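Participant: Could you work out the structure for the sequence below:
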Amino acid sequence: MTNYDRAAQFAPFAALTGYDSIVEETARLTDGRPILDEDEKHIIDVQLRELRQGAVRRARISYFVPDERKRGGAILRHEGEVAAVNETLRLILFADGAGIRIDDIVEAELLPDGEEDPR
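Facilitator: The predicted model follows:
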C-alpha cells in the first residue's frame, strides 16, 4: 500500500454533513419585537403627521425586521430624505428607494435638512 493510500485511511470524516451549519443557525441570536407603550406610539404618530404634512423632509427611523429563518429579528436604522408617507399601504418611502412599514417602526427622529448621523 502506498503512503498516500495509507494516509487516506486517517482523513477526517464528516459523518453528519450539515450539522455544523445547523449548530451555527441555532446559536445565532435574534432580538424580540419591541412592544411600544401608548406614549411611544403617540410620539411616532405625531412625527409621521409632520412628515406627511411636509414640515420636515429628513428622518432617522429605527424599525424591526423579522428574521426569515427563526423567531425574532433585528432592529435596523435608515436615514434619509422622506419622499412620501403612504397611509393606504402603511409605508414610509425614502428618496433613495427604501420603504419601511409603518407598523414596524420602533423609533423615529426628525432631522433638520443637512444633518447627518454623527455615528
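Participant: packing partners for the longest strand seen in the chain?
Facilitator: Looking across the chain with DSSP state E, the single longest strand is strand 73-86. Applying 3 or more CB pairs under 8 Å, 6 or more residues apart in numbering; DSSP states H and E, we find strand 73-86 packed against helix 38-53, strand 58-66, strand 91-94. C-beta coordinates here come from the backbone N, C-alpha and C atoms, glycine included.
Participant: Take these and write them to CSV, including mean pLDDT and distance to D5.
Facilitator: What follows is the helices and strands packed on strand 73-86, written out as CSV (pLDDT from 0 to 100; distance: least, CB to CB, whole Å):
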stretch, mean pLDDT, distance to D5
helix 38-53, 92, 68
strand 58-66, 94, 52
strand 91-94, 94, 62
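Participant: who wins for proximity to A27 among the ones you listed?
Facilitator: Closest approach to A27 among the helices and strands packed on strand 73-86 (CB to CB): strand 58-66, 19.1 Å.
Participant: Nearest to R6, out of the helices and strands packed on strand 73-86?
Facilitator: Per CB to CB, nearest to R6 of the helices and strands packed on strand 73-86: strand 58-66, 52.7 Å.
Participant: any idea of the angle that closest one forms with helix 38-53?
Facilitator: Calculated by axes from the mean of the first three to the mean of the last three CA atoms, to 10 degrees, strand 58-66 forms an angle of 130 degrees with helix 38-53.
Participant: Residues touching strand 58-66, excluding its own?
Facilitator: 31, 33-34, 47, 51, 72-82, 92, 100-101, 104-113, 115, 117 (CB atoms under 8 Å, 6 or more residues apart in numbering).
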